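S.K.: Task: produce atomic coordinates for the following.
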Amino acid sequence: QVQLVEAGGGLVQAGGSLRLSCTASGRTFSNYAMGWFRQAPGKERRFVTAISRSGGSTYYADSVKGRIAISRDNAKNTVYLQMNSLKPEDTAVYYCAATSLTSPNYYTRLGSYDYWGQGTQVTVSS
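M.R.: Below you'll find the predicted structure:
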């Protein structure tokens with residue numbers, strides 16, 4: 001089992017920045033690729049970004065490219081989501097997730113992930 005705990009959400013004005021973190025415990029963190037998803041009110045949970053086990057490869061949804069950066073520190077069992085130039089449409093609950101799959105072809109799919117955090121709310125005011 002892997003336990004994931006997100007932190008760093010909050011209320012921010014449009015144009016502002018937030019840094020989310022997700023800390024893992026349980027099994028070896030570096031054995032898992034990590035992803036971030038978000039779910040806006042009344043909408044489906046959607047892929048935002050993912051990072052490979054080593055951190056050497058990253059993947060982004062088109063809607064966030066250039067504004068969001070994912071990184072990880074395997075020594076700290078933590079993955080980060082740096083969000084800049086935030087927009088009201090970025091308002092959502094943000095979830096981190098862990099997958100044992102190694103092919104990035106699967107990283108955008110909810111069902112590819114074995115473990116999920118409880119989510120952290122991000123609200124962007126206009």
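S.K.: Spatially nearest residue to Glu6 (excluding sequence neighbours)?
M.R.: Nearest non-adjacent residue to Glu6, counting by C-beta to C-beta, 6 or more residues apart in numbering: Thr120, 4.1 Å away. C-beta: built from backbone N, CA, C; applies to glycine.
S.K.: wait, what's in contact with the one you found?
M.R.: Glu6, Ala7, Gly8, Gly9, Leu20, Val93, Tyr94 (C-beta atoms under 8 Å, 6 or more residues apart in numbering).
S.K.: So what does it have for phi and psi?
M.R.: Backbone torsions for Thr120, taken as degrees, to the nearest 10, come to phi -140, psi 140.
S.K.: confidence score at it?
M.R.: For Thr120, the pLDDT comes out at 98.
S.K.: just Thr78 next, same as before
M.R.: Looking at Thr78, the pLDDT reads 98.
S.K.: cool, and Trp36?
M.R.: Model confidence at Trp36 (pLDDT) stands at 98.
S.K.: burial measure for the closest residue to it other than its chain neighbours, as a count.
M.R.: Using C-beta to C-beta, 6+ apart and skipping residues adjacent in sequence, the residue nearest Trp36 is Val48, 4.4 Å away. Val48 sits with 24 neighbouring residues when counted by other C-beta atoms under 10 Å.
S.K.: ok, back up a step: quickly note the distance from the residue nearest to Glu6 to Tyr80.
M.R.: 12 Å (C-beta to C-beta, to the nearest Å).
S.K.: got any residues that touch both of these two?
M.R.: What both Thr120 and Tyr80 touch, as defined by C-beta under 8 Å, 6+ apart, is the set Leu20.
S.K.: List the buried residues for stretch 118-126?
M.R.: Gly119, Thr120, Val122, Val124 (16 or more other C-beta atoms under 10 Å).
S.K.: want to throw the residues you listed into JSON lines with secondary structure and distance to Gly66?
M.R.: Output for the buried residues of stretch 118-126, formatted as JSON lines (DSSP: H, G, I helix; E, B strand; the rest coil; distance: C-beta to C-beta, whole Å):
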{"residue": "Gly119", "secondary structure": "coil", "distance to Gly66": "24"}
{"residue": "Thr120", "secondary structure": "strand", "distance to Gly66": "22"}
{"residue": "Val122", "secondary structure": "strand", "distance to Gly66": "18"}
{"residue": "Val124", "secondary structure": "strand", "distance to Gly66": "16"}
